[in-house]
Each structure stands twice: as structure tokens, then as C-alpha cells.
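Trainee: kindly generate the corresponding structure for this input.
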Amino acid sequence: METAYGKMRLCENKESLARYHAAVHFTVGNIIEDCPSFSQPVDVKKFDRQTIAAIAEIVFRKIGILARDLEAFAKHAKRTKVTTDDVILCARRNPFLAKKLRDYANRVKDEKQDKLPNGGLAALGAAVAAAVPAGSGASKNIKQRINVGEVIDLSQLE
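Mentor: Model prediction:
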């Protein structure tokens, strides 16, 4: 199926969507259980299953909204990939979260550069560019392999 970003495999069957939904539900349940301030308040001993399911549903829908926003930001910038800047842009109305995301992105970027020998990412990019001839079909194949991934059909989230 064709998407705004070219040929990508869409999450077409309901089983995959149900697995994603279950994973979100499971993760929300674990977060609630692991966080002492949520799981042990003074007057509430434990969240019931319906409350956890409702929170998981809200989170799942918010993920869909966030995914559409990220796609729109990348598309507006005439890119086919979502970048860190797009994610930070989604957090623009929450300065504390935006700062945390920027700090995290900078830390990850620094760690990656430290792991790579001879100048970090710039050296890696130059090595890949030198190894793959520009006019060959191989460079196009490499780019296609990098861009292909599983995408959830966002119209099924609502």
C-alpha cells in the first residue's frame, strides 16, 4: 500500500493493532505498579482493571495523535523521516518536557559520537559516501532499506 512516504508496509490486520494495544496496556499497568506515588496513595490501595484499561486507552489514542503530528511536521519540512526536532516540536507547549527531550537528545548524540572512532558521525557519513558510488543503484537500495519499516495505520486508532 502507498503512503505519504512511499511504499511502506502498513499494519493492515487487526491482530497487529491488537498486539500494539495490548503492549500499551501492559506497559501502563507496569508503570502504575512500579511507581510508589501512584500505587500506594494514602486512601487508594490499588487501581482496578477498568481504570488501568481507561488510562491505557487514553495513552494509545494520544500515541496516534502524536504520530500524526510527527508525520505532519516531517512532511511540512519536506522530509520523509521524523527527526528529533519534530519530537521536540510536539513538546513545544511544555517547556520542561521540551528541555528534557533536548538534553536527552544531546546526551545520546554525544554518546554516539564518543563510540565512533575518528570524528564520530561525520566520519561515518564520509565512509558510507565513499564506499557506495553515487550513480549506482546500490545507494538507492540502501536508502530504501533504511526507510522501510512497519507503520501503524492511524485511521484505525479512532
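
Trainee: those helices in the protein, which residues are they?
Mentor: Here the chain has its helices, by DSSP state H, at 14-34, 36-39, 49-76, 84-90, 95-115, 121-131, 137-147.

Trainee: mind putting the ones you listed into a markdown table with mean pLDDT and mean neighbour count?
Mentor: Quick note: C-beta positions are derived from backbone N, CA and C, even for glycine. Listed next are the helices of the chain as a markdown table, based on pLDDT from 0 to 100; neighbours: other C-beta atoms under 10 Å:
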| stretch | mean pLDDT | mean neighbour count |
| --- | --- | --- |
| helix 14-34 | 89 | 14 |
| helix 36-39 | 57 | 10 |
| helix 49-76 | 93 | 14 |
| helix 84-90 | 92 | 17 |
| helix 95-115 | 90 | 12 |
| helix 121-131 | 54 | 11 |
| helix 137-147 | 46 | 11 |
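
Trainee: for Ala105, see how far away His21 is.
Mentor: 28 Å (C-beta to C-beta, to the nearest Å).

Trainee: ugh, typo on my part, it should be Asp34
Mentor: Asp34 is 25 Å from Ala105, by C-beta to C-beta.

Trainee: ok, Glu15 next?
Mentor: In terms of C-beta to C-beta, Glu15 sits 34 Å off from Ala105.

Trainee: again, but for Glu33
Mentor: Distance from Glu33 to Ala105, by C-beta to C-beta: 29 Å.

Trainee: repeat for Ala67
Mentor: From Ala67 to Ala105 the distance is 19 Å (C-beta to C-beta).

Trainee: the nearest residue to Phe60 once chain neighbours are set aside and Leu89, how far apart?
Mentor: In space, and not counting its chain neighbours, Phe60 is closest to Val24: 4.8 Å by C-beta to C-beta, 6 or more residues apart in numbering. According to C-beta to C-beta, Val24 and Leu89 sit 23 Å apart.

Trainee: do the same with Phe60
Mentor: Counting by C-beta to C-beta - Phe60 and Leu89 are separated by 22 Å.

Trainee: Ala74 contacts Lys81, doesn't it?
Mentor: Yes. Look at Ala74 against Lys81 with C-beta atoms under 8 Å: they come within range, at 6.4 Å.
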